[in-house]
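Undergrad: What would the 3D arrangement of this be:
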Amino acid sequence: MFINFINQLGTIEFSEYINIEKITKYAQGALSIATGIFNFFVSVIVSAYILLERTEIVKFAKKLFNAIFEENTCKNLGKYFNSTNEIFLKFLVSQLLDGIVVGILTSIAMSLLGVKYSVLLGIMIGVFNMIPYFGAIVAIIIATVITFITGGFSQAVWMVIITTILQQIDANIINPKIVGESLKISPLLVIFAVTVGGAYFDVLGMFLAVPVVAVLKVLITDYIEFKNLQKNV
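TA: Predicted coordinates:
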């Protein structure tokens, strides 16, 4: 009987039941999400260390510039170095503020739905919201599972609908407005920078695109003013 079972097992076409191509795609997607989240946290940790050590870094940079360049060039480099430092600091603060706003709005929405642990879930979504693209997806998935366990299928579905709507409002209105006003650039430029950065440099590009664009704006503005002054002389 065991031999018959083995023979029958050998006649089964496992390829009909297991799609290796789909499994590979799912695995690649999961790996991509995990890599994106890891890269984000690494970039945040590195940024935090840079901010903590910024005084020493500035001192070293000044010594290096003074040793290599002339006095006038050193002044300009110092100016742009300070501007870049200020822009990245403002960007991190604006991202934190945006996460707080999203966390509060989500907590209120889930509280109105009667979702258990609504405040904790709202805080989690607000924190994960700082991670471009993948953060919101992971947070909503975790919140959905918890809501399904504690409140049932119907409540979980409503939670997904409302949080998805809030995420879209944040991505297209709230975040560009907060970041744009903080860095003094157009909200439309914020959306454009995030889109292009994500298309070419994945999650890290989405995160760094806006401050990089803000720095480029400072450089281009100063260049235009310099050229106009030369024409007027």
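
Undergrad: Just give me the neighbour total for Ser182.
TA: For Ser182, the neighbour count with other CB atoms under 10 Å is 21. Heads up, the C-betas are built off the backbone N, CA and C, glycines and all.

Undergrad: Let me see the mean pLDDT of whichever helix or strand it is part of.
TA: Assessed by DSSP states H and E, Ser182 sits inside helix 175-183. Here helix 175-183 scores 89 as its mean pLDDT.

Undergrad: May I have the residues that are in contact with the residue nearest the centre of the chain?
TA: The residue lying closest to the centre of the chain (CA atoms, centre = their mean) is Pro132, at 2.4 Å. By CB atoms under 8 Å, 6 or more residues apart in numbering, the residues touching Pro132 are 40, 194, 198, 203, 206-207.

Undergrad: tell me what the longest helix seen in the chain is packed against?
TA: Ranked by residue count under DSSP state H, the longest helix found in the chain is helix 187-232. Other helices and strands packing on helix 187-232, by 3 or more CB pairs under 8 Å, 6 or more residues apart in numbering; DSSP states H and E, are helix 20-52, helix 71-113, helix 175-183.

Undergrad: re the thing from before, for the helix holding Ser182, list every residue counted as buried.
TA: 175-176, 178-180, 182-183 (16 or more other CB atoms under 10 Å).

Undergrad: Include distance to Ala109 when you put those into TSV, please.
TA: Putting the buried residues of helix 175-183 into TSV (distance: CB to CB, whole Å) gives the following:
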residue	distance to Ala109
Asn175	17
Pro176	21
Ile178	19
Val179	22
Gly180	24
Ser182	25
Leu183	28
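
Undergrad: Could I have the CA atoms of stretch 120-127 written out in CSV?
TA: Output in CSV follows, covering the C-alpha atoms of stretch 120-127 (Å, rounded to 0.1, in the frame of the first residue of the first chain):
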residue,chain,number,x,y,z
LEU,A,120,-1.4,52.9,19.7
LEU,A,121,-2.2,52.0,16.1
GLY,A,122,-2.3,55.6,15.2
ILE,A,123,1.1,56.3,16.7
MET,A,124,2.5,53.3,14.9
ILE,A,125,1.1,54.5,11.5
GLY,A,126,2.5,58.0,12.2
VAL,A,127,6.0,56.7,12.9
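
Undergrad: Name the residues of it that are buried.
TA: For stretch 120-127, by 16+ other CB under 10 Å, it's 121-127.

Undergrad: Among the residues you listed, name the ones in helices.
TA: Among those, the ones falling in helices (DSSP H) are 121-127.

Undergrad: Give me the distance between the residue nearest to Ala199 when sequence neighbours are not counted and Pro211.
TA: Leaving aside its chain neighbours, Ala199 sits nearest to Gly205 (7.7 Å; criterion: CB to CB, 6 or more residues apart in numbering). Shown here: Gly205 relative to Pro211, a distance of 12 Å by CB to CB, to the nearest Å.

Undergrad: again, but for Glu225
TA: Going from Glu225 to Pro211 by CB to CB gives 21 Å.

Undergrad: So for those two, which residue has more residues nearby?
TA: Taking other CB under 10 Å, Glu225 and Pro211 do not tie; Pro211 has more neighbours (22 against 10).

Undergrad: outside of stretch 139-155, which residues touch it?
TA: 110, 113-117, 121, 124-125, 127-129, 156, 159-160, 163-164, 167.

Undergrad: Repeat the analysis, applying 7 Å as the threshold.
TA: Applying CB atoms under 7 Å, 6 or more residues apart in numbering, the contact partners of stretch 139-155 are 113, 115-117, 121, 124-125, 128-129, 156, 159-160, 163-164.

Undergrad: Thanks a lot, see you next time.
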